[in-house]
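Enquirer: sequence? don't have it. structure:
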């Protein structure tokens, strides 16, 4: 007969407080989202206000609706606490709870980002602190299409876990909504979606797994012969595959075609010829705590409950202001370190881009790699060479006799080599490998093929012009 006993154990677990979550959200948010986040806080917290423009001081009059505003905000906070209490204790959600839950989310004016959407699922999917750390790193390294732009080894190194557990974390996140998120390439993205649809053992899955190149070139006859099915069956399967989403993260991306991006960093040269990094604060409100609400705390007419409520709102407002300042300073430090190492790019362009990793910048400024990853996500910098995503400057590279060069530079060289080839006798990948070797850059043939595909350059046989 099994014995039942109670035991106590001490474990260390990282808990993300609401303040920590706010700081992370502000660091990750690009300029437009940050403005919306601040405006939402201004609307919800009565003690916060924007500093007036110089020469236009605010009139020192009390808010006539202060009592009703405080009561409305208290009700909002109660609804939020009810929602989190229900989810935390895994109670059965009643119809009334569901109505409150829907009201709470409807009251949030801004739609969530992909990262926020995935973090909510991560928190409710596991209590393992190692998987949560690894999951945070994976989520922070997704591009706007929802693809993972870090290797599993980088995930393992960041979370200080075995490679197998990093892989387990990735597979967990690939079960999240939207289907196909956190894939490492298009093939994996489509296979994940097919698996979620219960079609992992179907003709569609076989085509995606083994005939992606044939599918892309509509070589249906070859696929049919290889898989022992009719050409019509292949065409029907291809039509189904075409309905899958190759960019699962796009619906969460707020920059629609035709909209412009706002650079958060400017790099310019001063009169003495030195490169200077500045942060774009234009459009961000300057916040402060309204003094009238501070005065209310000292009035004897206010009861203890109201004073406690206002004290919490003042603390929350100060925390927001602190997090905003920390965000701007962190981005400034990171950008300064990036362009300290990328001065050749500033002077001469992409061909002089140097290899750079998140770990190098993180170590230089004394923060964690995940902090750098969050800070550069969807942030843009205006340089003399043009407008670039900050992630553009993080790329591995190759060591040559003349110094290190980045993958981006190698890709540019590859494009130039192919552009100069004889179209009647296009270069094979093997010949391109030899051309690079003559330049002191040693690449594998599969690396050339990979870079060529990323540049959307056709294989040798399809480039030949008769």
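Expert: Received, thanks. From a predicted model like this one, the values you see are computed outputs, not experimental measurements. Numbers count the residues shown, from 1 in each chain.
Enquirer: could you use CA atoms for every contact and neighbour count after this?
Expert: OK.
Enquirer: strands of this protein, start to end?
Expert: Here the chain has its strands, by DSSP state E, at 48-50, 263-269, 275-279, 287-289, 380-383, 386-389, 397-400, 403-406.
Enquirer: can you pull the pLDDT of residue 441?
Expert: Predicted confidence (pLDDT) at residue 441: the value is 80.
Enquirer: ramachandran angles for it?
Expert: Per-residue torsions, residue 441: phi -110, psi 120 (degrees, to the nearest 10).
Enquirer: what about it, how many neighbours?
Expert: Taking other C-alpha atoms under 10 Å as the criterion, the count of residues near residue 441 is 17.
Enquirer: and for residue 431?
Expert: Applying the criterion other C-alpha under 10 Å, we find 12 residues in the vicinity of residue 431.
Enquirer: per-residue confidence for it?
Expert: At residue 431, the predicted lDDT confidence score is 89.
Enquirer: ok, residue 60 next?
Expert: What the model reports for residue 60 is a pLDDT of 37.
Enquirer: and the one 5 residues further on, by the same measure?
Expert: The score at residue 65 is 50. That number is its pLDDT.
Enquirer: now swap in residue 402 and tell me
Expert: For residue 402, the predicted pLDDT is 59.
Enquirer: got the domain ranges for the chain?
Expert: Here the chain is described, according to automatic domain parsing, as comprising the domains 186-247, 397-463.
Enquirer: of all those, which lies closest to residue 272?
Expert: Taking C-alpha to C-alpha as the criterion, residue 272 comes closest to domain 397-463 out of the domains of the chain, the separation being 27.7 Å.
Enquirer: which residues does residue 28 contact?
Expert: Going by C-alpha atoms under 8 Å, 6 or more residues apart in numbering, residue 28 touches 374, 375, 376, 377, 378.
Enquirer: ok, now with 10 Å
Expert: Each residue near residue 28 by C-alpha atoms under 10 Å, 6 or more residues apart in numbering is listed here: 22, 34, 113, 115-116, 140, 327, 371-379.
Enquirer: list buried members of those residues by neighbour count.
Expert: Buried residues within those, defined by neighbour count using 16 or more other C-alpha atoms under 10 Å: 22, 34, 113, 115-116, 140, 327, 371-379.
Enquirer: can you list the domains of the chain in TSV and add distance to residue 290?
Expert: Formatted as TSV, the domains of the chain follow (distance: least, C-alpha to C-alpha, whole Å):
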stretch	distance to residue 290
domain 186-247	45
domain 397-463	50
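Enquirer: ranking these by mean pLDDT, which is last?
Expert: Per-stretch averages of pLDDT across the domains of the chain put domain 397-463 at the bottom, with a mean of 81.
Enquirer: all the helices of the stretch 51-200 of the chain, residue numbers only.
Expert: 66-88, 95-106, 114-125, 129-140, 152-159, 163-173, 186-196 (DSSP state H, counting those that start in this stretch).
Enquirer: what mean pLDDT does stretch 378-388 get?
Expert: Stretch 378-388 carries an average pLDDT of 88.
Enquirer: next one: it to chain centre, how far?
Expert: For stretch 378-388, the distance between its averaged C-alpha position and the chain's averaged C-alpha position is 18 Å (C-alpha atoms, centre = their mean, to the nearest Å).
Enquirer: pull the residues that contact it.
Expert: When contacts are taken as C-alpha under 10 Å, 6+ apart, the neighbours of stretch 378-388 outside the stretch itself are 28-31, 143-144, 253, 261-269, 277-280, 331, 335, 339, 345-350, 389-392.
Enquirer: among the residues you listed, which ones are buried?
Expert: For those, a burial check counting by 16+ other C-alpha under 10 Å picks out 28-31, 143-144, 261-268, 277-280, 331, 335, 339, 345-346, 350, 389-391.
Enquirer: all helices of the stretch 201-350 of the chain, in order?
Expert: Counting by DSSP H, counting those that start in this stretch, the stretch 201-350 of the chain forms helices over residues 203-210, 212-216, 220-227, 231-242, 291-298, 304-341, 343-348, given from the N-terminal end onward.
Enquirer: now do the last one: which elements does it pack against?
Expert: Read that as helix 343-348. With contacts defined as 3 or more C-alpha pairs under 10 Å, 6 or more residues apart in numbering; DSSP states H and E, helix 343-348 has these neighbours: strand 263-269, strand 275-279, helix 304-341.
Enquirer: strand partners of the second one, parallel vs antiparallel please.
Expert: What it means is strand 275-279. Taking DSSP bridges as the criterion, strand 275-279 sits next to strand 263-269 (antiparallel) in its sheet.
Enquirer: got the contact list for the strand it pairs with?
Expert: For strand 263-269, the external contacting residues (C-alpha under 10 Å, 6+ apart) are 30-31, 274-282, 328, 331-332, 335-336, 339, 346, 378-385, 387-390.
Enquirer: rerun that using 8 Å as the cut-off
Expert: The contact list for strand 263-269, computed with C-alpha under 8 Å, 6+ apart, reads 31, 275-281, 332, 335, 379-384, 387.
Enquirer: swap in stretch 194-212?
Expert: With C-alpha under 8 Å, 6+ apart as the test, stretch 194-212 has contacts from 175, 179, 187, 190, 191, 215, 223, 234, 237, 238, 240, 241.
Enquirer: could you tell me the end-to-end distance of that stretch?
Expert: For stretch 194-212, the separation between the terminal residues is 14 Å (C-alpha to C-alpha, to the nearest Å).
Enquirer: buried sites along it?
Expert: Within stretch 194-212, the residues that qualify as buried are 194, 195, 200, 203, 204, 205, 206, 207, 208, 211, counting by 16+ other C-alpha under 10 Å.
Enquirer: cool, and stretch 324-331?
Expert: Within stretch 324-331, the residues that qualify as buried are 324, 327, 328, 330, 331, counting by 16+ other C-alpha under 10 Å.
Enquirer: the closest residue in space to the first one that isn't next to it in sequence: what's it in contact with?
Expert: Excluding its sequence neighbours, the residue lying closest to residue 324 (C-alpha to C-alpha, 6 or more residues apart in numbering) is residue 26, at 7.0 Å. Residues counted as contacts of residue 26 (C-alpha under 8 Å, 6+ apart) are 34, 37, 323, 324, 327.
Enquirer: where are the low-confidence patches of the stretch 51-200 of the chain?
Expert: By pLDDT under 70, the weakly predicted segments of the stretch 51-200 of the chain are 52-112.
Enquirer: let's see that with 50 instead.
Expert: Across the stretch 51-200 of the chain, residues meeting the criterion (pLDDT under 50) sit at 54-64, 73, 76-93, 98-110.
Enquirer: still on that earlier bit, now, which of the contacts of residue 26 sits nearest residue 248?
Expert: Set against residue 248, the nearest of these by C-alpha to C-alpha is residue 34 (23.0 Å).
Enquirer: which residues touch that closest one?
Expert: Under the criterion of C-alpha under 8 Å, 6+ apart, the neighbours of residue 34 are residue 26.
Enquirer: at 10 Å what do you get?
Expert: Under the criterion of C-alpha under 10 Å, 6+ apart, the contact list for residue 34 reads 25, 26, 27, 28, 40, 284, 324.
Enquirer: next: residue 373.
Expert: Contacts for residue 373 (C-alpha under 10 Å, 6+ apart) come out as 27-28, 137-142, 358-359, 362, 390-391.
Enquirer: pretty sure residue 370 contacts residue 357?
Expert: No - with contact defined as C-alpha atoms under 10 Å, residue 370 and residue 357 do not form a contacting pair (11.9 Å).
Enquirer: nothing else from me, thank you.
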